[in-house]
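# When you get a sec, could you give me coordinates for this:
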Amino acid sequence: MMQLFNSKLCAVCKGRKLLCGRPTCPILERFRVAKKLEPKINKREIFGSSPPSLFVGEFGYPKVRIGPLVPPLEGNTSNLDSPLKWENRSIRDILYYRSLLVMGETKADVNVRKSGRILGEIQELAMSIKPVDSEILLKRKPILKVLPSEFAPPIGPKAELLDFELTENPKIPRKTDYVVSDELKAEHAVITLYNSGFDEYYIIRLLSAGLLGIQRKLVPTRWSITAVQDTIGKHLRKEIIHYEPINEFELYFHEFLGNRYTVLLMPETYAFELLEVWLKGSLFGSEEPQVIHDYEDFRGRKGYVKETAGAYHAARLSVLEALRKRGRQARILVFREVTPKYYAPVGVWQIRLGVKKAMENPVGKFDTLQDTLNEVKKLLELKLERYLEKSWVLGLRKQRTLDEFLSLTI
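Here you go, the predicted model:
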């Protein structure tokens, strides 16, 4: 939380003057959410329909905090935990949804064989494809902090869990039963479920709950998101590199929750790069915004993504899905500009969805790189030259071509 706020500036502003440049004060927003929800969650026993949802923390690994997320609501609560369906929602909506989900947390060893009945109930919850009536008993009334995360959707109110029980039978698909009961490697299980049409966040939930793989373990939610999106992305890359390249330069754009996504596709063999900038006034921005990036060629990456972390896998997956649908390959460049409108981080799902929507919103097709970059320049706030200095994908092209373009922009 300390990264998000400047104590001196916030003390002077008090949320009224918006001196940080954001359209909404993140501190006051959390107070508004807390005040609105307090009457609903101010109790030790919570009964409601879990979306279904659970969370596994990473702190203290291999002893982690795990717990079901249960709202004080009954009925169809799936919208509270369906990131890929939040395209028409605001940051305020997301904070409200997540704040309704009360987490009863308990400590567990990541080795699922060492856990007891409560984990069994949580695993059954994870396998359900529909909301499940559930009841949690807490040691004390939950506290709402709505901690932000650049990876997972925000976690709402929580307290130590004394007991958890499903009060109805979860709806578990036969395919899930088959994958969970068979001894498949985690990677094989993920791809099997994905190709069967399951939502990737459903697969993430199964992996987090220790239901996939041969040597089964609980996997922190943040790690599960990256692992599943990376696994599916690698699978799709191996498929599309056998397709013919696209015929022209193509440009796509979409702005979502204060994030601008510009996607450039080139008629060449596969490579991917994400160029990311947090603009001045944004959460992690500075007076002199810096371009960070990560990349790969047709062979993929050998190591962990160093600079853009989970954003890389989320953005890559959305573009690869679009190319697979067309049966084509391309050299890919994704520009992400984060503006002050993104006043509270809500998770990499918004990158996944933002790039996916961009791929559905073509700006145009072009014959040359110069013409394409001239159009890209109109969509970016930071000078294009700053990106060109950093880009590995563009550096793969003949230097003469870039020199010609740069001479046109001076």
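# where does the most centrally placed residue in the chain fall, phi/psi-wise?
By Cα atoms, centre = their mean, the chain has its centre lying nearest to Val348, at 2.1 Å. Main-chain torsions, Val348, degrees, to the nearest 10: phi -70, psi -10.
# From Asp133, how far off is it?
Relative to Asp133, Val348 is positioned 30 Å away (Cβ to Cβ, to the nearest Å). C-beta here means a position set from N, CA and C on the backbone, and glycine is covered the same way.
# Next: Leu166.
Distance from Leu166 to Asp133, by Cβ to Cβ: 7 Å.
# Which residue ranges of the stretch 101-250 of the chain form strands?
Applying DSSP state E, counting those that start in this stretch to the stretch 101-250 of the chain gives strands spanning 102-109, 132-138, 158-166, 244-245, 249-256.
# Neighbouring strands - and their directions - for the shortest one?
Partner strands and pairing direction for strand 244-245 (DSSP bridges) are strand 328-329 (parallel).
# Can you name the next helix or strand after the partner strand?
On the C-terminal side of strand 328-329, the closest following helix or strand by DSSP states H and E is strand 331-338.
# between that following strand and strand 249-256, how many degrees?
On the basis of axes from the mean of the first three to the mean of the last three Cα atoms, to 10 degrees, strand 331-338 is oriented at 30 degrees to strand 249-256.
# Using PDB, list the CA coordinates for stretch 55-64.
Provided in PDB are the C-alpha atoms of stretch 55-64 (Å, rounded to 0.1, in the frame of the first residue of the first chain):
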ATOM      1  CA  PHE A  55      -7.600 -17.600  -2.600                       C
ATOM      2  CA  VAL A  56      -4.200 -19.100  -1.800                       C
ATOM      3  CA  GLY A  57      -1.500 -16.700  -0.600                       C
ATOM      4  CA  GLU A  58       2.200 -16.900  -1.200                       C
ATOM      5  CA  PHE A  59       3.600 -15.500   2.000                       C
ATOM      6  CA  GLY A  60       5.300 -18.100   4.200                       C
ATOM      7  CA  TYR A  61       5.500 -20.800   1.500                       C
ATOM      8  CA  PRO A  62       5.400 -23.800   1.900                       C
ATOM      9  CA  LYS A  63       3.000 -22.900   4.800                       C
ATOM     10  CA  VAL A  64       0.400 -20.700   3.100                       C
END
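# From the chain's centroid, how far away is it?
Distance of stretch 55-64 from its chain centroid, counting by Cα atoms, centre = their mean, to the nearest Å, is 19 Å.
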